[in-house]
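K.L.:
Here's a sequence, model it:
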Amino acid sequence: METSKTAKILSNVVYGFGLLIFLALAGLVLFGANYSPYPDAMISWSLREIAFVGLAVGAVPMLFACMAVYKFNHIRHSAHKRRDFTLIFLPCFLCGACLAFVLGLFAIMMIQALILAGSLA
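P.N.:
Residues are numbered from 1 along each chain as shown. Take a look at the predicted model:
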């Protein structure tokens, strides 16, 4: 029983840190500056774009944190299963949407590069 309590506390702490990072990055995406802090860089991204990619990168760790909280807090046996599931996994869903968008952009860029390379040959 002690390992379950320890695992519950550890999973809640990790989820809490992940949630704080998610909220900070989501705040930057929504309200961040739209100019590049490094305009002379080869790829000059704005703070919003950097935060968006950060959300995409954090999708998989957030998924693991959400699953651990769901398992060790016994959400399956709660009175409000759907509400609790939605509230716990909402950051993961939003990070996953960012990841899907970024992967879609990469796929489109790869297809455009292949088409451009084929037309030049």
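
K.L.:
for this protein, what spans make up the helices?
P.N.:
2-31, 47-57, 59-72, 81-120 (DSSP state H).

K.L.:
For these, give me JSON lines that also has distance to residue 38.
P.N.:
To be clear about C-beta, it is placed using only N, CA and C from the backbone, and glycine gets the same treatment. Below are the helices of the chain laid out as JSON lines (distance: least, CB to CB, whole Å):
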{"stretch": "helix 2-31", "distance to residue 38": "16"}
{"stretch": "helix 47-57", "distance to residue 38": "10"}
{"stretch": "helix 59-72", "distance to residue 38": "25"}
{"stretch": "helix 81-120", "distance to residue 38": "20"}
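
K.L.:
Between the ones you listed, which one is closest to residue 39.
P.N.:
helix 47-57 (12.6 Å; CB to CB).

K.L.:
hmm, back to that, of all the helices of the chain, which one is nearest residue 37?
P.N.:
helix 47-57 (6.5 Å).

K.L.:
Not including adjacent chain positions, what is the nearest residue to the residue nearest in space to the middle of the chain?
P.N.:
The residue lying closest to the centre of the chain (CA atoms, centre = their mean) is residue 95, at 2.8 Å. Distance criterion CB to CB, 6 or more residues apart in numbering; nearest residue to residue 95, sequence neighbours excluded, is residue 59 at 3.8 Å.
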